[in-house]
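A.B. asks: okay, sequence plus prediction incoming.
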Amino acid sequence: MVGYLRGILLTFLLLPMIGYSASQGDLAKLLKITSSSNSPLDLSGADLRKYQFTDNKMDFRFANLSHTNLSGVDLSKLNLSGADLSYANLARAKLISANLTNANLSHANLSGAILQGANFSGASLNYALLMEADLQKANFTETDFSCANLNQANLTQSDFAQANISGATFINTITADIVHYHSVVDRPVKCEE
């Protein structure tokens, strides 16, 4: 079964490189096979900009989506809890009301993304780029924003209970009515890599 799954995954990832593109059905088949084998989905490094993701059919819990290109993609209401989205390109993506609890978004590019009402509880957003992102009413309880760039982002009515903002930048950021700001952790750190 593992060899079969690897073969399908390789086909799915290599076809676009040789001038063909996988269909929406290929992604659905891969998700079905992966969910039946109890293995986390691994689409690391894939270009997924042409896929249409639907919240009632796809579950990306604990999926490896690191280094993927999801720029401009609508991922609203998807369950991405525990997913690895480190170094992913999510610029201008829509993640309205998405579940990103305990997700790894370290070094992810979320510039201009629409993240209204998303749940980032316990997520890692260290070194993430969130410039001009719309984060209104998002839940950032115990989220790690260490060294993140939130310049010109809209944080109106977001919940920052026990969030770590050490080294994060907030130039021209809208911070109206942030909830639980009194519990934010802000320690001196060096943000050079």
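C.D. replies: That came through fine.
A.B. asks: ignoring the adjacent residues along the chain, who's closest to Ala176?
C.D. replies: Closest residue to Ala176 apart from its sequence neighbours, by Cβ to Cβ, 6 or more residues apart in numbering: Thr156 at 4.7 Å. (Each C-beta comes from the backbone N, C-alpha and C, glycine too.)
A.B. asks: so where's the chain uncertain?
C.D. replies: Low-confidence segments of the chain (pLDDT under 70): 1-38, 55-57, 193.
A.B. asks: which residues touch the residue nearest to Ala176?
C.D. replies: 136-137, 174-178 (Cβ atoms under 8 Å, 6 or more residues apart in numbering).
A.B. asks: can you do 7 Å?
C.D. replies: By Cβ atoms under 7 Å, 6 or more residues apart in numbering, Thr156 lies in contact with 136, 174, 176-177.
A.B. asks: ok, now how distant is it from Gly45?
C.D. replies: Counting by Cβ to Cβ, to the nearest Å, the gap from Thr156 to Gly45 is 35 Å.
A.B. asks: what of Ala123?
C.D. replies: Taken as Cβ to Cβ, the span from Ala123 to Gly45 is 21 Å.
A.B. asks: give me the more crowded residue out of the two.
C.D. replies: Ala123 (29 against 14; other Cβ atoms under 10 Å).
A.B. asks: ok, so what distance separates Leu85 from Ile114?
C.D. replies: Distance from Leu85 to Ile114, by Cβ to Cβ: 16 Å.
A.B. asks: repeat for Ala93
C.D. replies: In terms of Cβ to Cβ, Ala93 sits 8 Å off from Ile114.
A.B. asks: got the domain ranges for this structure?
C.D. replies: 1-39, 43-48+57-186 (automatic domain parsing).
A.B. asks: gap between the two ends of the last one?
C.D. replies: Which is domain 43-48+57-186. 34 Å (Cα to Cα, to the nearest Å).
A.B. asks: for the remainder of this discussion, apply numbering that starts at 17.
C.D. replies: From this message on, residue numbering opens at 17, which makes the last subject domain 59-64+73-202.
A.B. asks: identify the residue nearest Ser174 in space, chain neighbours excluded?
C.D. replies: Ala154 (4.7 Å).
A.B. asks: sorry, wrong one. I was asking about Ser199.
C.D. replies: Gln178 (5.0 Å).
A.B. asks: secondary structure element holding the one you found?
C.D. replies: Here Gln178 is covered by no helix or strand, with elements defined by DSSP states H and E.
A.B. asks: gap between the residue nearest to Ser174 and Arg203?
C.D. replies: Distance from Ala154 to Arg203, by Cβ to Cβ: 23 Å.
A.B. asks: which of the two has more neighbours?
C.D. replies: Neighbour totals were compared for Ala154 and Arg203, and Ala154 leads with 27 against 9 (other Cβ under 10 Å).
A.B. asks: most tightly packed of the domains of the chain?
C.D. replies: Among these, domain 59-64+73-202 has the highest mean neighbour count (mean count of other Cβ atoms under 10 Å), at a mean of 21.
A.B. asks: alright, that wraps it up for me.
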